[in-house]
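Engineer: Kindly generate the corresponding structure for this input.
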Amino acid sequence: VNGDGDQEAKGFMNINVYPEAAVDVYERGKLGTLTTASAGDFDDEDLIDLQSHVLEPYQPGSQWLMHRRSWAKCLKLKDSEGRYLLDAMRLLQNGVGPQLLSAPVRLGGDMAKPSGNSYTSGLLPIAYGDFRRCYYILRRVGINMIVDPFTKKGFIKYFMYTRFGGGLRNFQGIKRLKIQ
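Structural biologist: Model (predicted):
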């Protein structure tokens, strides 16, 4: 998710590869980014705003992508009376899997995580969108092999590799949350 396209796939969270655009404006080559209302953290309203900025054609296949510690922060969100907004155990017991605002949650270790109880300004900890339709992964068929009989006498080394790449093909179906 953080690759720069040089010897790795282009990650959609890398701000240098896909600069941010206003979340409600489509610009080719720029990815919609919503800034949180409060500094250093996000709240339930930020998540609702982020989800609502993904266009309707992409909503049915959309899912959340975040680090497990960001998911833990989502689980700790409470209403005005101190009740938790999410009941993750009930969802897991019913075989639904983790969900947030009726959309599946995918956990990614490469996503930004909080340091302690807050985030550093400028981090992009959460993404929401239809990744299957908007992000592509290209993998060249086959494995290439190089034989090296010269490095060590009496032994043969085999180097095997495959080529791949990836990047965004649709900038409207994925949105990112940026910490103020």
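Engineer: When you work out contacts or count neighbours from here on, use the C-alpha atoms and nothing else.
Structural biologist: Noted.
Engineer: measure residue 174 to residue 26 for me?
Structural biologist: 11 Å (Cα to Cα, to the nearest Å).
Engineer: For the two, indicate the residue with more neighbours.
Structural biologist: The neighbour comparison of residue 174 against residue 26 (other Cα atoms under 10 Å) goes to residue 174, with 30 against 13.
Engineer: So for residue 8, what pLDDT did the model give?
Structural biologist: Residue 8 is assigned a predicted lDDT (pLDDT) of 80.
Engineer: hmm, back to that, overlap in contacts of residue 174 and residue 26?
Structural biologist: residue 32 (Cα atoms under 8 Å, 6 or more residues apart in numbering).
Engineer: Select the helix or strand of the chain having the lowest average pLDDT value.
Structural biologist: Within the chain, confidence by mean pLDDT, DSSP states H and E is lowest for helix 88-93 among all helices and strands, at a mean of 66.
Engineer: could you point out which element follows that helix?
Structural biologist: strand 99-100 (DSSP states H and E).
Engineer: Strand partners (parallel or antiparallel) of that next one?
Structural biologist: Partner strands for strand 99-100, per DSSP bridges, with pairing direction: strand 103-107 (antiparallel).
Engineer: residue ranges with poor pLDDT in the protein?
Structural biologist: 16-17, 87-95 (pLDDT under 70).
Engineer: give me that answer again for 80
Structural biologist: The chain contains residues with pLDDT under 80 at 5, 7, 14-27, 79, 85-97, 116-117, 140-141.
Engineer: can you give me the strands for it?
Structural biologist: Remark: strands assigned in the chain by DSSP state E are 20-22, 31-35, 63-66, 99-100, 103-107, 126-129, 135-139, 144-148, 157-161, 164-168, 174-178.
Engineer: Can you say which of these is nearest to residue 77?
Structural biologist: Comparison of these against residue 77 by Cα to Cα identifies strand 99-100 as nearest, at 11.3 Å.
Engineer: Give me the neighbour count for residue 157.
Structural biologist: Residues contacting residue 157 under the criterion other Cα under 10 Å number 12.
Engineer: Pull up the gap between the nearest residue to it once chain neighbours are set aside and residue 155, please.
Structural biologist: What sits nearest to residue 157 in space, not counting adjacent residues and going by Cα to Cα, 6 or more residues apart in numbering, is residue 148, at 4.9 Å. Distance from residue 148 to residue 155, counting by Cα to Cα: 9 Å.
Engineer: One more: residue 131?
Structural biologist: 45 Å.
Engineer: what do you get for residue 38?
Structural biologist: 62 Å.
Engineer: Residue 59 and residue 129: what is the separation?
Structural biologist: Distance from residue 59 to residue 129, counting by Cα to Cα: 7 Å.
Engineer: and those two? which has more neighbours close in?
Structural biologist: Neighbours per residue (other Cα under 10 Å) separate residue 59 from residue 129, with residue 129 holding more: 28 against 18.
Engineer: Many thanks, I have nothing further to ask.
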